[in-house]
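Asker: Got a sequence here, can you model it:
(4 chains)
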2 protein chains.
Amino acid sequence: MASVTLAEVAEAAGLGESTVSRVLRNEGSFSRKARVRVMEAVERLGYVPNRIAGTLASAGSRLVAFVIPSLSNIVFPDLLRGASGVLEANQHQAVFAVTDYDPGREEALVAAMLAWRPTAVILAGFEHNEGTRKMLRASGRRVVEVLDLDGEPVDIAVGFSNRTAGRESAAFLLRRGYRRVGYVGHDLERDTRAGKRYASFCAALEMAGFPLVDRQINAGPSSVESGRQGLEQLLARSPGLDAVYFSNDDMAIGGYFHCLARGISIPSQLAIFGYNGLDIGRVTPQPLSTIRTPRVVTGQVAAELVVSNAPSQVVDLGFELIEGATA
Amino acid sequence: MASVTLAEVAEAAGLGESTVSRVLRNEGSFSRKARVRVMEAVERLGYVPNRIAGTLASAGSRLVAFVIPSLSNIVFPDLLRGASGVLEANQHQAVFAVTDYDPGREEALVAAMLAWRPTAVILAGFEHNEGTRKMLRASGRRVVEVLDLDGEPVDIAVGFSNRTAGRESAAFLLRRGYRRVGYVGHDLERDTRAGKRYASFCAALEMAGFPLVDRQINAGPSSVESGRQGLEQLLARSPGLDAVYFSNDDMAIGGYFHCLARGISIPSQLAIFGYNGLDIGRVTPQPLSTIRTPRVVTGQVAAELVVSNAPSQVVDLGFELIEGATA
DNA sequence: ATCAATTCTGGTAGCGCTGCCAAAATTTTC
DNA sequence: GAAAATTTTGGCAGCGCTACCAGAATTGAT
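Answerer: I've put the predicted structure just below:
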């Protein structure tokens, strides 16, 4: 339990603590001989440096905190995946907490994270409590808001515009000639990015003179199952639709399965359009029409900006519209 | 950024540091008046406790470290999801790092994690470098090895037996009358749990007198796409198969899509069996035959054992065979 | 009012490390 | 070989907090 300390290593190596510290951090100057003696002692004693103490002494925690809404939505594991590679390569660690789309929890979790004096706090989108925002600003930490661009960043923002994505999705469907369009989605109050896509999608349809015909919004998180049920419910009510926009690809794949099961032919009877560009959508018998978002890259870029202590900025990574074969 | 310290709060509240500390931790005794004065000062100054310092002083980091092979395989986000709820409810934080199925990286990352003196280290399976195991044992930290049961745990193990899963999958296919069975999988060297399932699956087939006919193992991680391609390659070589076992559900769904696209009727022409029990498999036009593993619960149980400082033990959470309609 | 029991409070020594500085050792220069 | 320049080294304060303990304040009993 009482783990080996740097002082013990110094003792064993017959050197001063500062010399050992310098060798271990490979910083400042020391002789070749000192390095060998230190390494030998470290090996022999099984010394593992204590970063807690190191951080306290030097005020730089090399911890990057992620406060994310969910882990069920693939978006967030992808984000973490992109970031963790970059962080590990730069001797940083990722800490995370899950808010479950609850701004109150988010506030509490941000406070808990700040207690670790992280290099940066990375969180999803711009919709935070005023308390959260205030804490972040007062913390002196770097703040990166990711996966959205439609809002006023605290410090850095990395992502893509959900409003633009919604608008372009509508434009695409209209270009393809669809006129009786419906929507199947999950909880929009909580997932504000999905909400933004929905709002601008509807606005674009309306502007073109073909407003949204009907929508089915199911409570709870997005899922394949919810998409399948949602489409079934929507079609029961509005059988005349010629296209359906889904809140994301999980939901869209669910809708796709519903059509397969019911023999609804895609896209001639019904067109399907998603959001995210999941791998699975490329391998379905008909590739899914969707928008591919750079989720992993968002994580990478956010991590790079943070480890390099870049200035405040907004990075638009854009997205790619995948025509696919379902719309 | 010189953040507010406890000493400043004490000054502002006109109290001693120890009193403030006690109030903030809600421990030991202090008057109602002291609490009010402290809270007022905290609020006014925007004080955020420094856990780094607190941990150093009290030797209990309330950090739980996850060292996992991947974030692309849904298994691991599910594990983290289960754990993070329990940890947050108990004022712990999750830290994680991704090894990419590389034991050398695992060793380095475990060392980096131990530098934070976490309450526990949670890692996947039993296959670690000798150095990793030695470090873990010497660390005095709790160690939880998850998602496997076939091995010698360092401390605690929580999960299910991959060998049993492989064996039961084979038994199921045999019971259903399949005799010419193939396998489509991803990199087995690296994903040792998939390797164990494969080995015991084959052994069970052999014992029954119907050894595996052919297999297609593609490099790289598991994915829907890899499953689809793998099945195509396998069938090109061995057209007479009547059932295929996939290394997991992602792969199996890929195979399912291949059959849909090629008009191979399931299960009469070809049966498909997966592993994991992903949600998506329940919603495909024909529900996927698979084994459902308690991934989220594994995370919850691991976290609970850790925060309650439970004794060393092995927890078998079992799994459920889902008959589905594809085999 | 007095004394004991109880509650509350503050001073201070670390926790293990890094940063600073001065001292010691080594190398270079003349 | 002495002086100057350079490299290497070690001592110690202090990062912000908690644990420990002694002392002050309050309460209760007599």
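Asker: following the helix or strand A:Val67 falls within, which helix or strand comes up?
Answerer: Using DSSP states H and E, A:Val67 falls within strand A:63-68. Following strand A:63-68 in sequence order, the next helix or strand is helix A:75-89 (DSSP H and E).
Asker: what angle separates the next helix or strand after that following helix from helix A:75-89?
Answerer: Counting by DSSP H and E, the next helix or strand C-terminal to helix A:75-89 is strand A:93-98. Angle, strand A:93-98 to helix A:75-89, by axes from the mean of the first three to the mean of the last three C-alpha atoms, to 10 degrees: 160 degrees.
Asker: Tell me the buried residues in the following helix or strand past strand A:93-98?
Answerer: Using DSSP H and E, the helix or strand that follows strand A:93-98 towards the C-terminus is helix A:103-114. Neighbour-count burial for helix A:103-114 flags A:Pro103, A:Arg105, A:Glu106, A:Glu107, A:Ala108, A:Leu109, A:Val110, A:Ala112, A:Met113, A:Leu114 (criterion: 16 or more other C-beta atoms under 10 Å in any protein chain shown). Placement of C-beta: from N, CA and C, glycine included.
Asker: With stretch A:177-197 instead?
Answerer: Quick answer for stretch A:177-197 (16+ other C-beta under 10 Å): A:178, A:181-188, A:190-197.
Asker: for the stretch 1-150 of chain A, which spans come out with low pLDDT?
Answerer: Low-confidence segments of the stretch 1-150 of chain A (pLDDT under 70): A:1-2.
Asker: Now narrow the buried residues of helix A:103-114 to whatever sits close to DNA strand D.
Answerer: Among those, proximity to DNA strand D is found for none (C-beta under 7 Å from any atom of the strand).
Asker: Out of those residues, which comes closest to B:Leu24?
Answerer: Among the buried residues of helix A:103-114, A:Ala112 lies closest to B:Leu24 (C-beta to C-beta), at 13.5 Å.
Asker: can you pull the contacts of the closest one?
Answerer: By C-beta atoms under 8 Å, 6 or more residues apart in numbering or on different chains, the contact list for A:Ala112 reads A:Ala97, B:Gln91, B:Gln93.
Asker: Only the buried subset of those, as a PyMOL command please.
Answerer: Selecting only the buried entries of those in PyMOL, with 16+ other C-beta under 10 Å as the criterion:
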select buried, (chain A and resi 97) or (chain B and resi 93)
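Asker: Just the closest of the contacts of A:Ala112 to DNA strand D, please.
Answerer: B:Gln91 (11.9 Å; C-beta to the nearest atom of the strand).
Asker: ok, how many other residues are close to the residue of the stretch 101-250 of chain A found nearest DNA strand C?
Answerer: Closest to DNA strand C within the stretch 101-250 of chain A is A:Arg117: 13.1 Å, counting by C-beta to the nearest atom of the strand. A:Arg117 has 23 neighbours, counted by other C-beta atoms under 10 Å in any protein chain shown.
Asker: With A:Pro239 instead?
Answerer: Neighbours around A:Pro239, by other C-beta under 10 Å: 8.
Asker: That one: helix or strand, and which one exactly?
Answerer: Going by DSSP H and E, A:Pro239 is not in any helix or strand.
Asker: Equivalent analysis for A:Val158, please.
Answerer: strand A:156-159.
Asker: by contact count, what packs against that strand?
Answerer: The helices and strands touching strand A:156-159, judged by 3 or more C-beta pairs under 8 Å, 6 or more residues apart in numbering or on different chains; DSSP states H and E, are strand A:142-146, helix A:295-307, strand A:314-316.
Asker: which one of the ones you listed lies closest to DNA strand C?
Answerer: DNA strand C lies closest, by C-beta to the nearest atom of the strand, to one member of the helices and strands packed on strand A:156-159: helix A:295-307, at 16.7 Å.
Asker: Looking at the helices and strands packed on strand A:156-159, which is nearest to B:Leu212?
Answerer: B:Leu212 sits nearest to helix A:295-307 of all the helices and strands packed on strand A:156-159, at 35.4 Å, using C-beta to C-beta.
Asker: how about the nearest residue to A:Asp214, chain neighbours excluded?
Answerer: A:Ser238 (4.0 Å; C-beta to C-beta, 6 or more residues apart in numbering or on different chains).
Asker: A:Glu168 is in contact with A:Tyr275, correct?
Answerer: No. Checked against C-beta atoms under 8 Å, the pair A:Tyr275 and A:Glu168 is beyond contact range at 10.6 Å.
Asker: Which residues are in contact with each of these two?
Answerer: A:Ile291.
Asker: Between those two, which has more neighbouring residues?
Answerer: Taking neighbours as other C-beta under 10 Å, A:Tyr275 and A:Glu168 compare with A:Tyr275 leading, 28 against 17.
Asker: Spit out the contact partners of the more buried one.
Answerer: A:Ala165, A:Ser169, A:Ala194, A:Arg197, A:Phe246, A:Ser247, A:Asn248, A:Asp249, A:Ala252, A:Thr290, A:Ile291, A:Thr293.
Asker: What distance do you get for the second one to B:Val158?
Answerer: Taken as C-beta to C-beta, to the nearest Å, the spacing of A:Ser169 relative to B:Val158 amounts to 43 Å.
Asker: circling back: surely the residue nearest to A:Asp214 meets A:Gly182?
Answerer: Yes. Here A:Ser238 reaches A:Gly182: they are 5.9 Å apart, a contact under C-beta under 8 Å.
Asker: related to what we said a few turns ago, not counting its neighbours along the chain, what's nearest the residue of the stretch 101-250 of chain A closest to DNA strand C?
Answerer: That would be A:Ser61: by C-beta to C-beta, 6+ apart, it lies 4.8 Å from A:Arg117.
Asker: Let me see the backbone angles for the one you found.
Answerer: When read as degrees, to the nearest 10, the backbone of A:Ser61 gives phi -90, psi -10.
Asker: what's near enough to touch it?
Answerer: So A:Ser61 contacts A:Thr55, A:Trp116, A:Arg117, A:Pro118, A:Thr119, B:Ile52 (C-beta under 8 Å, 6+ apart).
Asker: can you do 6 Å?
Answerer: Listed by C-beta atoms under 6 Å, 6 or more residues apart in numbering or on different chains, the contact set of A:Ser61 reads A:Thr55, A:Arg117, A:Pro118.
Asker: Can you tell me which of those comes closest to A:Gly85?
Answerer: Closest approach to A:Gly85 among these (C-beta to C-beta): A:Pro118, at 18.1 Å.
Asker: How about the secondary structure of that closest one?
Answerer: coil (DSSP: H, G, I helix; E, B strand; the rest coil).
Asker: Restricting to C-alpha, output the strand holding A:Val158 in PDB.
Answerer: C-alpha atoms of strand A:156-159 as PDB (Å, rounded to 0.1, in the frame of the first residue of the first chain):
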ATOM      1  CA  ILE A 156     -13.200  26.900 -28.500                       C
ATOM      2  CA  ALA A 157     -15.800  25.200 -30.700                       C
ATOM      3  CA  VAL A 158     -15.100  22.200 -32.900                       C
ATOM      4  CA  GLY A 159     -17.800  20.600 -35.100                       C
END
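Asker: Buried residues in the next helix or strand after it, which are they?
Answerer: With elements assigned by DSSP H and E, the helix or strand that comes after strand A:156-159 is helix A:162-175. For helix A:162-175, the neighbour count (16+ other C-beta under 10 Å) marks A:162-174 as buried.
Asker: and for helix A:162-175, what are the contacting residues?
Answerer: A:148, A:150, A:181, A:193, A:196-197, A:200-201, A:204-205, A:208, A:243, A:245, A:273, A:291, A:319.
Asker: Let's see which of those end up in helices.
Answerer: Within the contacts of helix A:162-175, residues falling in helices by DSSP state H are A:Arg193, A:Lys196, A:Arg197, A:Ser200, A:Phe201, A:Ala204, A:Leu205.
Asker: What residues does the second one make contact with?
Answerer: Residues touching A:Lys196, when contacts are defined by C-beta under 6 Å, 6+ apart, comprise A:Asp150, A:Asn162, A:Arg163.
Asker: gap between the nearest residue to A:Val306 once chain neighbours are set aside and A:Ser70?
Answerer: Of all residues not flanking A:Val306 in the chain, A:Ala120 sits nearest, at 4.2 Å (C-beta to C-beta, 6+ apart). Using C-beta to C-beta, we find A:Ala120 at a distance of 20 Å from A:Ser70.
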